[in-house]
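Undergrad: Have a look at this fold, sequence not included:
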């Protein structure tokens, strides 16, 4: 039996048991994992160094090596996150709804685990702890498939998790790592409908697109963010500039940073130069449409491709529009349905923007940088969904649950 | 441009407009469609007869011809269903949740349409009206792809819907029928992620399995029902027999009818013969396990395949078990996670069964025949989901919706 099939069978074998675990049993296990991570820091760091050495040999970029790196503080942060997770409400067992039918049947809808979650992710080894702990907290079992670049780190972390689970009342089968990181194995995992209830890809656009295109297991798509900021005619000048700078530069590499600025022509006539120069003072490269080029000298023209691009860098496309409607059209054409914001003091425009822009999170007078499970107050985040089924936007613990109807009768027949 | 691409483009073009329609505008359109269906009965019946004639020429089974057939009463029933639908609450625009964050951001989660729904279905032309009306009520646009056997009926019905929409404030683009019913076209539809937000297959297991295996568009799986009735040691005799007869024979061809009876050995020792003879009096063929064969003469033995089979006919597999646990294990091994029932007066066994059986609907002391949107009181049903993402069990109007976060700020930056 292949490594994949063996691990998938193990994970599936404990689903019924996992579904019955109490909140206390689950939280105890999370605390034991936190302790074990801290106790085994030297071991984890030693194994992580093997990945770092391999990465250097393979000529990985410094930023990738940094994402791979584990050290004392990062491992302690992982342990802290586990303790935070124990403090969150357990959604499992919650009565979502209940009602009686005229025939006397009592219907109760309760929240249950999804079952087996397949997680396919890249680079960062902290995702291993993150995904495993969120799944355990919600009574799920998880089959992890990380990247080959982090295989020593991931294997070590899962060993540490198993050491902790062995002391807990949860089965160690509930967290399994696929050690074969070949593409063929990943492709097989996409089709394991008999073993997996859902697949969650976390990583770059290419990974996510591949999973969406090929998987027959239902996918929770955590997508790319081609986000926009629209500065309306009536936008407060300082607010608009502050938000543009924040949404673009505070952390350009994340999905909720903006990639395109849409500016109403009347606002642009008075304030465009200030905005552009402030962006340039913050080392942001501008890619401008014709109207912007006509107002400000020395900018690089935007190509058609730029409107579709998630730069994930200090680059921004700038377009001047004649109306809120034109801004909305542009966003609904090029946006990735992630996070969009309007800066405006005109209620009618705001209402139109909020209602008509098709995205997981639509903001008024705010930076888009708050689309995040922690900023939303969920206390945890499994990813940000850009699809419309099941969960949309930041996904907290509830996104890892399903429901079930319980019906209580006294002999009802139809 | 192919028929498929042309229709898909039309449907997608009106999504923004559909999302803005008021409840009154949508209900008016539904009433106009109801009127038009009744007004155009002769035309619909004439076109339907072409499908019936073709069906006879192709040697269709009488039951299939009956499912194809449209006549006065059936068309009036379709119109009545539309009027009923106008009376249901419109879920769109509902505030699902709202809260404030410490930084002053106000977060509101509102219910929105899914967008474009692709519906792939077999035979029954009434699904055309049913699917179109549920989608319109929820502000969605729909791309319909029925079977070639019903193409004249479906084309006529969509023409009638267009005649009605032309008098309404909804765009006629919102309901489009793919007239090319080739398999190649269906396969292309499975991959139209740019146009479709969700695919809903309605029909036999083969159709659904094909869509699940091949689609990259997210699927709402409306699955087969391999449902069980477990008669526990303490089950009331008359209740157990009445429910077994009802769940098997009241309508054997539907997904919420039972296919296997699991009987506790102690109950079987006293009452099995009565139960079997009552089933036989109701023309039910029995496929029995060894223990049942040892207690009752003249029964046909069950094969391993029988435990996996949705007979959809007056056939039932019967197995004697030693405990509730054995019954649960059998169900979690062979069941299709649809509807399962325990007949018992032992609270501990009931609780264990309800908590441990993995199915969309789990019953105590009731027939499984109530797993249905109307019986649940939803007033409408788009299908019964056997998957765990998005919606599980009978799907009413809310299953055709997504959500969106609106965030109200006053200059928040991170």
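TA: Everything's here; your move. Quick caveat: nothing in here was measured; it's all calculated off a predicted structure.
Undergrad: distance of the residue in the stretch 151-300 of chain A that chain B sits nearest to from residue A:343?
TA: Closest contact between the stretch 151-300 of chain A and chain B, by C-beta to the nearest C-beta, is at residue A:246 (3.7 Å). (Glycine included, C-beta is placed from N, CA and C.) For residue A:246, the distance to residue A:343 equals 12 Å [C-beta to C-beta, to the nearest Å].
Undergrad: Comparing the two, which shows the higher neighbour count?
TA: residue A:343 (29 against 22; other C-beta atoms under 10 Å in any protein chain shown).
Undergrad: from what I can see that one touches residue A:230, true?
TA: Yes - the criterion here is C-beta atoms under 8 Å, and residue A:343 meets it with residue A:230 at 7.0 Å.
Undergrad: quick one, longest strand in chain A?
TA: strand A:401-412 (DSSP state E).
Undergrad: quick one: it near chain B?
TA: Yes - judged by C-beta under 8 Å from any C-beta of the partner chain, strand A:401-412 and chain B are in contact via A:402, A:403, A:404, A:405, A:406, A:407, A:408, A:409, A:410, A:411, A:412.
Undergrad: which two from those residues end up farthest apart in space?
TA: A:402 and A:411 (29.0 Å; C-beta to C-beta).
Undergrad: List the buried residues of stretch A:84-99.
TA: Applying a neighbour-count criterion of 16 or more other C-beta atoms under 10 Å in any protein chain shown, one finds A:85, A:86, A:88, A:90, A:91, A:92 buried in stretch A:84-99.
Undergrad: er, stretch A:349-360 actually
TA: Buried residues in stretch A:349-360, counted by 16+ other C-beta under 10 Å: A:349, A:350, A:352, A:353, A:354, A:355, A:356, A:357, A:358, A:359, A:360.
Undergrad: among these, which are within reach of chain B?
TA: A:354, A:355, A:356, A:358, A:359, A:360.
Undergrad: Phi, psi for the fifth one please.
TA: The main-chain torsion angles of residue A:359 are listed as degrees, to the nearest 10 and equal phi -150, psi 160.
Undergrad: My guess is it contacts residue A:340. True?
TA: Yes - counting by C-beta under 8 Å, residue A:340 is a contact partner of residue A:359 at 4.7 Å.
Undergrad: Return every residue with contacts to both of these two.
TA: residue A:331 (C-beta atoms under 8 Å, 6 or more residues apart in numbering or on different chains).
Undergrad: Start and end of stretch A:278-292, how far apart?
TA: 15 Å (C-alpha to C-alpha, to the nearest Å).
Undergrad: Buried residues in that stretch, which are they?
TA: A:279, A:284, A:286, A:287, A:288, A:289, A:291, A:292.
Undergrad: where are the low-confidence patches of the stretch 301-414 of chain A?
TA: For the stretch 301-414 of chain A, no stretch has pLDDT under 70.
Undergrad: Go again with 90.
TA: Applying pLDDT under 90 to the stretch 301-414 of chain A flags residues A:380, A:382.
Undergrad: Just give the nearest non-adjacent residue to residue A:190, would you?
TA: Closest residue to residue A:190 apart from its sequence neighbours, by C-beta to C-beta, 6 or more residues apart in numbering or on different chains: residue A:215 at 4.0 Å.
Undergrad: I meant residue A:101, not that one.
TA: residue B:377 is the one closest to residue A:101 (C-beta to C-beta, 6+ apart), at 6.1 Å.
Undergrad: Confirm that neighbour sits in a helix?
TA: No - counting by DSSP: H, G, I helix; E, B strand; the rest coil, one finds residue B:377 to be coil, located in no helix.
Undergrad: Residue A:216 contacts residue A:191, correct?
TA: Yes - counting by C-beta under 8 Å, residue A:191 is a contact partner of residue A:216 at 5.1 Å.
Undergrad: Overlap in contacts, these two.
TA: With C-beta under 8 Å, 6+ apart as the test, residue A:216 and residue A:191 both reach residue B:213.
Undergrad: Which one of those two is surrounded by more residues?
TA: Taking other C-beta under 10 Å, residue A:216 and residue A:191 do not tie; residue A:216 has more neighbours (19 against 15).
Undergrad: Is residue A:313 part of a helix or strand, or is it coil?
TA: Taken by three-state DSSP, the conformation at residue A:313 corresponds to coil.
Undergrad: That one and chain B, how far apart?
TA: 18 Å (C-beta to the nearest C-beta, to the nearest Å).
Undergrad: Quick one: residues contacting that residue.
TA: A:252, A:253.
Undergrad: Also residue A:232?
TA: When contacts are counted by C-beta under 8 Å, 6+ apart, residue A:232 touches A:264, A:267, A:324, A:327, A:342, A:343, A:344, A:345, A:346, A:349.
Undergrad: Please determine how far the residue nearest to it when sequence neighbours are not counted is located from chain B.
TA: The shortest distance from residue A:232 to any non-neighbouring residue, by C-beta to C-beta, 6+ apart, is to residue A:344 (3.4 Å). For residue A:344, the distance to chain B (C-beta to the nearest C-beta) stands at 12 Å.
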